[in-house]
Every structure is written in structure tokens, then in C-alpha cells.
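Novice: compute the structure for the input listed below.
(2 chains)
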Amino acid sequence: MMSTYYAGLLADVGILLLGALSVYVILATGQLSLGNAGFMGIGAYLTSYLTVTAGIPLTAALMMAAAASGLIGVVIGFPALRLKGIYLAMATLGFGEMVRSFFLNFEAMGGSGGFDGMRHVSLAYIWSWAAAILLLVAILERSQLWLEMRAVSDDETAAGLVGLNTTTIKVGAFGFAAAVAAVAGGLFAHHHVYIEPGNFSFERSIDFVLAVILGGSTVGAGALVGALLLVMLPEYLRFLAEWRFAVFGALLIAMLLVRRQGLLDRSLLGMFGSRRPA
Amino acid sequence: MNNNQEQPRLGLSNVAISFGGIRALDDISLAVMPKQIVGIIGPNGAGKTTTFNIITGAYRPSKGEVRLDGQAVTAKPSHLIARAGIARTFQNIRLFGDMTVWEHLMVAQPHNEFPLRRLLPARWANPRALRRAEEILEFLNLEDVKDRTARSLPYGLQRRVEMGRAIAARPKLLLLDEPVAGMNHEEADEIRQLMLKLRDKGLSILLIEHDMTFVMNLCDYLYVLDFGVMIAHGLPAEMRSNPAVLDAYLGHAT
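Specialist: The predicted structure follows:
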């Protein structure tokens, strides 16, 4: 039997993996979102409301929250994705903070006091979702649609001129990411059985981005590697006591200098998978 | 204008556009008939690329109309113009740098019949698109480099990939912006042969080119622009001896 300590860490990895995937999908269209914790928060509060107050089973509640968050993602995405690069990053950051302060003032669900009453879920349940969505992303990565997303990311004008509707592709990716982040939030809420607005702050969004950059920003499986590193590494560096976050930061900078695409990339993945015939 | 009675594939009528009070194009009308190769020539800054940008919807003309097979497509969103049947290449090549040659040929193909197939793995989900990608690879002699990223290819091959991507979109009309710029004679002649084959397959081609010999040997019809004004049009042989053309264009050229 796994110790509760490791079970807790692995649950964090699964939840972070989903958050990282939500950033990865948006990144695949060439956009950076710093507000995905906002969608995570929406998912956490909505799922908790549905299970605790409305008495809906968790799986159904997660799906409903994902759909609602995805819809919000699409609605936000239309105006937001007119912005590019750093401007979009700032706008999504603003969105994340907006969601956080909304729940801070939303007394119906506890406001700053937080919300509880959720039933704790098993590690296996969390990882079923994480694995299913990772698999879904891995399939999508091989699709025509993903080629279209990469084309949009590479050169939006040229992509439009071969007949790709760049707006639909970008907004669609944003909506899908919002849905995935909401699942992360719902699982988070039912793992910790207590949520407060501070759980879904800017730092959480940054964690998602870090996991992607660290693990590999060009392949979905990189999010898994990144989530593992981000959760486990500070634990293994515990012997460094107060210095461990400084060392962690230094490792991150070193990684960006030496290997900008992150730990995992397509050629490394190819070495594990099917080798090309010579 | 082309003295032809059938409906033109592409028709521009009285198109004008200004940038910051400066008239870049003034009252431009031209036509490209089905299965015709038409050239736009003129000195630098004559408005040739601007004309392309108007046709593909990047600019909205202040006056005039663009028609494809009689349907107005003026200033429509560029992806709708592309789907209506116009594909283009750029003077400064614009490829998707990190994508392979094969991926370029796949991504540009229209997926109207079964949109949900776009969600399935591209390597097997749409046999028709795969076959077409193979055909284009063969047609452009790009089979050996199909798994190379666009960024890693030499200039001449990049030009061919860009043409392949345009062809993959199944256009009725191909706009080529200086397709042989920077190429030597053999390379240019290869491109010329390709264009003739495409024409025989039913495509119309409108091209911008500085290389006069190339244009004269290839085009069925020529339009000559100078400072945003159409100064002459006609058969290549006529243009060669047209005094206005000689003065404006050949006069400045090498």
C-alpha cells in the first residue's frame, strides 16, 4: 500500500498534469495563457456546487463543469484572441485574477472563508481522468486539426490563405483548454475536500506554464514529465531546507539555457517509441 | 481586356486603393480566363503585390470589385477566399518553419466532406488526402525531402514546397508572386514546365515576375503596371514592342 504522503503527491501530479495540458493546447496554437487557474477555479466551484448542493454524481458534475467552463472559454476567447503574444498573456492574467476575486466576494459559496463538504476521491479516480485526457491529447496531436493548429502558430496569415479559419481554431483550442482546466479544478476540490479562492491564484497559472516549459512544450507527454518534476523535485531537494526553491529556480534557468524545448521533445520520444526504418 | 466572350475565372473591375493619401492602385481592371497563364509586370512599387493582396482579401479596395467565376469575393475573409478557390505564394517565402514538407501538403487540403476526420490521426484517417499529398510530392519532385522541416530546406526547394502547399488547397486560380526570383536558368525552367502542366490540368495562373524572358516565354497575356496605373495590356509579343512599356519598364530594367 502506498503511503498517504506519496498518494497525496501523486494526486497533485495528476491535477497539475491536467492544468499543464490546458496550457499546452493553447500554446500549440502559438498563444500563451497565464489565466488558466481561473478556469480551474470555475471548474472547482462549479463541480463542488453540483456535487454538494445539487447532489449530482461527481463524474457527471465534472462533465457539466467542463462543458460550462469550455463555453466560458469560447466566449472569453473571441475578444481575447484578437490580442497576441504578451498582450494576450496580460489579458488572460487579468481574467484569472478576476475569477479569483469573484469567488472571494461570492458569499453564496463561502467567499473568502472557502467552501467544503465535498467527498474525497481516490487517487485512481484522479488518474483515470488525467490518463484519459492525456490520451485524448496524444490522439489529437496526430490529427489534421493539430497540423492546422501548428500552422496557425507558425504563420497565421499564411494559414488563413490556405483556407484555415484561424479564429475558430484558436478559440476552439482555448475552449478545450478551459474545459480541461475545469476538470483539474473539480478534481482538486474533491481531493482536498476544501477550496478557497486563494487556491486558484496567479501562482497556480504559472505552475501550469512551468510544467509545460520544463517537461517539453512541443509534445503533450512533456506535460506529464513537467508535472512530475514540478511536484517531486522540490520534495527530493528537501535536504537543502530553505535553499531548495533557490536551487529549483537555478535548475529551471539551466534547463532553459541548455534545452529550450524542455526535457521531452519529438526526437527523444521517438527513441522510446517506434524507430523509423533505416 | 481579354477579348474573350466566356466568363473569366478571375475578374478585377476598376479596383483602386490608397494608403495614407497615396494612391497605390488606380482603376485597375484585369481578367484571367480558365486555363490561362497571365502575367503582371512592372517596375518595383508599381502595385503588383498590392493587387495580389486585394485579390486574397488582405486589403479592402476603396473602389471596384474582385470576382471569382462571376461571384464577388471583394475583401472577404482570406480563408473564405482560399476555400472559394484562390491560393497564393509569397515573394518572401512564407512556410510553416517547424512543419515537414508532407505536413504542409496535408494541412492545406480542404476537409469539407467529413469534418470530424480532422480529429483523427492524419496518417490514416483520410486516404484521399494522403494520396493527394503523395501525388503532389511526386509532381514537384519533393519525395526525398518529405520528412524534412521547411526551415531546413534550401531556398529553391522552399519555393517548390510553397507551390505544393498552394496546389494542395485545390485552387481554381493560383497566384504566384515572383515564383522564380533568385533561381538559375535550369531551376526557372523547371518551374515553367510545372506551371504549364498545372495549366493543362485546368488551373488558371496569375503571376508577378521581374524576369522578362521568363514571362515572355510562359504567359498567354500580360498586364503592365506602373505607379499603380495600368499602362498597357496585351499579348507578350505586343508588349515587347509597346512604347509605353519599353519606356516605363524595360527602360529602367537592366
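
Novice: strands of chain A, residue ranges please.
Specialist: A:115-116, A:194-195 (DSSP state E).

Novice: check whether stretch A:120-133 contacts chain B.
Specialist: No - using Cβ under 8 Å from any Cβ of the partner chain, stretch A:120-133 stays clear of chain B, with a minimum separation of 14.6 Å. Glycine gets a C-beta too; all of them are placed from N, C-alpha and C.

Novice: turn the strands of chain A into a markdown table, columns for distance to chain B.
Specialist: Shown next, in a markdown table, are the strands of chain A (distance: least, Cβ to the nearest Cβ, whole Å):
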| stretch | distance to chain B |
| --- | --- |
| strand A:115-116 | 36 |
| strand A:194-195 | 33 |
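
Novice: tell me how far the top helix by length along chain A is from the chain's mean position?
Specialist: For chain A, the helix that runs over the most residues, judged by DSSP state H, is helix A:166-192. What separates the centre of helix A:166-192 from the centre of its chain is 7 Å, taken as Cα atoms, centre = their mean, to the nearest Å.

Novice: reformat the strands of chain A as TSV; add mean pLDDT and mean neighbour count.
Specialist: Shown next, in TSV, are those (pLDDT from 0 to 100; neighbours: other Cβ atoms under 10 Å in any protein chain shown):
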stretch	mean pLDDT	mean neighbour count
strand A:115-116	95	18
strand A:194-195	96	18
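
Novice: can you redo the ones you listed as a markdown table with distance to B:Glu143?
Specialist: As requested, these are exported to a markdown table (distance: least, Cβ to Cβ, whole Å):
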| stretch | distance to B:Glu143 |
| --- | --- |
| strand A:115-116 | 60 |
| strand A:194-195 | 56 |
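
Novice: residue ranges for the helices of the chain, please.
Specialist: The chain I'm using is chain A. Along chain A, the stretches classed as helices by DSSP H are A:4-27, A:36-48, A:58-80, A:85-104, A:123-140, A:144-154, A:156-161, A:166-192, A:202-215, A:221-236, A:244-258, A:266-272.

Novice: right idea, wrong chain: chain B
Specialist: Chain-ordered helices for chain B, with DSSP H as the definition, fall at B:48-55, B:78-84, B:101-107, B:127-139, B:155-168, B:185-200, B:212-218, B:236-240, B:243-245.

Novice: flag every buried residue along the third one.
Specialist: Meaning helix B:101-107. Of all the residues in helix B:101-107, those buried under the rule 16 or more other Cβ atoms under 10 Å in any protein chain shown are B:101-107.

Novice: pLDDT at the spatially most central residue of chain B, what is it?
Specialist: For chain B, B:Leu175 is the residue whose C-alpha lies nearest the centre (Cα atoms, centre = their mean; 1.1 Å). At B:Leu175, the model reports a pLDDT of 97.

Novice: repeat that for A:Ser274.
Specialist: Predicted confidence (pLDDT) at A:Ser274: the value is 49.

Novice: one more: B:Asn44?
Specialist: Per-residue pLDDT puts B:Asn44 at 83.

Novice: now do the contacts for residue 36.
Specialist: Picked chain A for this. The neighbourhood of A:Asn36, defined by Cβ atoms under 8 Å, 6 or more residues apart in numbering or on different chains, consists of A:19, A:22-23, A:26, A:92, A:96, A:177-178, A:181, A:205, A:208.

Novice: should've been chain B
Specialist: B:2, B:9, B:199, B:204-205, B:220-221.

Novice: just give me the closest of the residues you listed to chain A.
Specialist: Of all the contacts of B:Gln36, the one sitting nearest chain A is B:Ile205; the distance, using Cβ to the nearest Cβ, is 16.1 Å.

Novice: tell me the phi and psi of the residue nearest to B:Ala188 when sequence neighbours are not counted?
Specialist: The spatially closest residue to B:Ala188, leaving aside those adjacent along the chain, is B:Val180, at 4.0 Å (Cβ to Cβ, 6 or more residues apart in numbering or on different chains). Here is the backbone geometry of B:Val180 (degrees, to the nearest 10): phi -120, psi 20.

Novice: then the one 4 residues further on?
Specialist: The main-chain torsion angles of B:Asn184 are listed as degrees, to the nearest 10 and equal phi -80, psi 180.

Novice: separation between it and chain A?
Specialist: 26 Å (Cβ to the nearest Cβ, to the nearest Å).

Novice: before we move on, what about B:Glu190?
Specialist: Taking Cβ to the nearest Cβ as the measure, B:Glu190 falls 23 Å from chain A.

Novice: neighbours of that residue, how many?
Specialist: Here the neighbour count serves as a burial measure; for B:Glu190 (other Cβ atoms under 10 Å in any protein chain shown) it reads 16.

Novice: and for A:Ala54?
Specialist: Residues within reach of A:Ala54, counting by other Cβ under 10 Å, total 9.

Novice: in contact with it, which residues?
Specialist: Contacts of A:Ala54 by Cβ under 8 Å, 6+ apart are A:Ala61.

Novice: give the contact list for residue 89.
Specialist: No chain was given, so I picked chain A. So A:Ala89 contacts A:32-34 (Cβ under 8 Å, 6+ apart).

Novice: chain B, not that one
Specialist: B:Thr89 makes contact with B:159, B:162-163, B:166, B:174-177, B:179 under the criterion Cβ under 8 Å, 6+ apart.

Novice: could you export stretch A:134-152 as PDB, CA atoms only?
Specialist: C-alpha atoms of stretch A:134-152 as PDB (Å, rounded to 0.1, in the frame of the first residue of the first chain):
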ATOM      1  CA  LEU A 134      -3.600  12.800 -21.800                       C
ATOM      2  CA  LEU A 135      -4.500  10.000 -24.200                       C
ATOM      3  CA  LEU A 136      -7.100  12.300 -25.900                       C
ATOM      4  CA  VAL A 137      -4.400  15.000 -26.400                       C
ATOM      5  CA  ALA A 138      -2.000  12.400 -27.700                       C
ATOM      6  CA  ILE A 139      -4.500  11.300 -30.300                       C
ATOM      7  CA  LEU A 140      -5.300  14.900 -31.200                       C
ATOM      8  CA  GLU A 141      -1.600  15.600 -31.600                       C
ATOM      9  CA  ARG A 142      -1.600  13.300 -34.600                       C
ATOM     10  CA  SER A 143      -4.600  14.700 -36.200                       C
ATOM     11  CA  GLN A 144      -5.200  17.000 -39.100                       C
ATOM     12  CA  LEU A 145      -6.600  19.500 -36.700                       C
ATOM     13  CA  TRP A 146      -3.300  19.600 -34.800                       C
ATOM     14  CA  LEU A 147      -1.400  20.300 -38.000                       C
ATOM     15  CA  GLU A 148      -3.800  23.200 -38.500                       C
ATOM     16  CA  MET A 149      -3.100  24.500 -35.000                       C
ATOM     17  CA  ARG A 150       0.600  24.300 -35.600                       C
ATOM     18  CA  ALA A 151       0.200  26.100 -38.900                       C
ATOM     19  CA  VAL A 152      -1.700  28.900 -37.200                       C
END
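
Novice: any bit of it sitting next to chain B?
Specialist: Yes - contact between stretch A:134-152 and chain B is present through A:139-140, A:142-148, A:150-151 (criterion: Cβ under 8 Å from any Cβ).

Novice: filter these down to the buried ones.
Specialist: Under a neighbour-count criterion of 16+ other Cβ under 10 Å, the subset of the residues of stretch A:134-152 next to chain B counted as buried comprises A:140, A:143-148, A:150-151.

Novice: how about TSV for these, with pLDDT added?
Specialist: TSV is the format used below for those (pLDDT from 0 to 100):
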residue	pLDDT
A:Leu140	95
A:Ser143	93
A:Gln144	92
A:Leu145	94
A:Trp146	95
A:Leu147	95
A:Glu148	95
A:Arg150	95
A:Ala151	96
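
Novice: ok, and which of the contacts of A:Asn36 reach chain B?
Specialist: Of the contacts of A:Asn36, not one also sits near chain B (Cβ under 8 Å from any Cβ).
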